[in-house]
Every structure is written in structure tokens, then in C-alpha cells.
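Chemist: 3D, please:
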Amino acid sequence: MNKKLIFSLPSIILLGTSTPSFGEWTGDGQPFKYISSCELDLDKNGLPDMVILAETIQGRELIAILKEKKGLKAYSLWTGPASNGMHLRCEFAEFELQEAPTASADAPGKIHKPNGSVIHLFKPESSQVSFYWDKTQFKRISTGD
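Modeler: Prediction:
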């Protein structure tokens, strides 16, 4: 016995418009994939801040959460595809960061003087980008090729 499934035009339109596209999907309640984190005082206010690298349904995301006396402030520092393999490293040290020179530059990159806390997002033996808090905002600089 053959059974036929019959859809009316309105039900096909409803089905087509109710299915979210990838850009609209907000998740189904499943946990995101935790990759790495660190805790250090990024903004020099004496309170420990948090940095989280996670893999979500939209790819990898680097989030800094600054603790303030009145609460928390979150900053999305970087997003990228899950396939890029970026990793997190945090440092607290008094040092300078030198920007990687561009391919067309003959001189070395600009020197930055962070407040001591630096977040590095890197791909082993490849690119690196660094972030530090500069009194009112995060600065992002390319520190590796």
C-alpha cells in the first residue's frame, strides 16, 4: 500500500519560514565547549578579572569579564571559526609588546606598554594577537605572523 504525504502550500511556507538559518540560531540549551581561561587583574583595580576562550555554535570566542565594585562588565575581544585552532595564554609581567611589522614595512612595528596584564591568542607556530586594557578599552595588536 502506497501512502502519499500531502502538504498544502501554506504548510510548506510555514515550515520554510519557521526553520532558523545558521545566523539566527540561538542554540538549543546545550553547553558550549570550554577551551581555556585565566584570572588576573586586567584593569589594575585590585579585583581579579576573568578571560574565557570558548567554542560556541558560532565558532570560538574570547571574552574578558572585568570585575568592578558595582558588578561585572563583559567584552567580546575576538571571534573566529572553530577550525582555526587558536589558543589562550595570559601573562602578568612588566614588559613591552612589539607589533608585528606588516609585509610592506621596513621598520619594526610600534612598541606598546601594557599595564602588566596581557592576553595572548595564538596558533602554535603561526599567528598571535595580544590584548591589554588601556584605561578605558582593550587594545588589540598583532604580535606574531
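Chemist: Quick one: the helices in this structure, in order.
Modeler: 9-18 (DSSP state H).
Chemist: partners of the residue nearest to the spatial centre of it in the sheet?
Modeler: Nearest residue to the geometric centre of the chain (CA atoms, centre = their mean): Leu62, 2.4 Å. Counting by DSSP bridges, Leu62 forms beta bridges with Leu53, Trp78.
Chemist: Quick check: it vs Lys70, distance?
Modeler: Distance, Leu62 to Lys70, by CB to CB, to the nearest Å: 24 Å. Just so you know, the C-beta spots here come from the backbone N, C-alpha and C atoms, and that holds for glycine as well.
Chemist: and if you look at Gln98?
Modeler: 36 Å.
Chemist: higher neighbour count, the two?
Modeler: Gln98 (14 against 6; other CB atoms under 10 Å).
Chemist: Quick check: bridge partners of the more buried one?
Modeler: According to DSSP bridges, beta-bridge pairing links Gln98 with Ile111.
Chemist: got it, and Cys38?
Modeler: Val51.
Chemist: To what extent is it buried, counted in neighbours?
Modeler: Neighbourhood size, Cys38 [other CB under 10 Å]: 19.
Chemist: And Leu77, by the same measure?
Modeler: Other residues close to Leu77 by other CB under 10 Å number 17.
Chemist: What of Glu68?
Modeler: Using other CB under 10 Å, Glu68 has 11 neighbouring residues.
Chemist: Distance check, it against Cys90.
Modeler: Here Glu68 is placed at a distance of 19 Å from Cys90 (CB to CB).
Chemist: Wait, Asp43 touches Asp49, no?
Modeler: Yes. With contacts counted by CB atoms under 8 Å, Asp43 reaches Asp49, the gap being 6.5 Å.
Chemist: Please identify which of these two sits among more neighbours.
Modeler: Asp49 (24 against 20).
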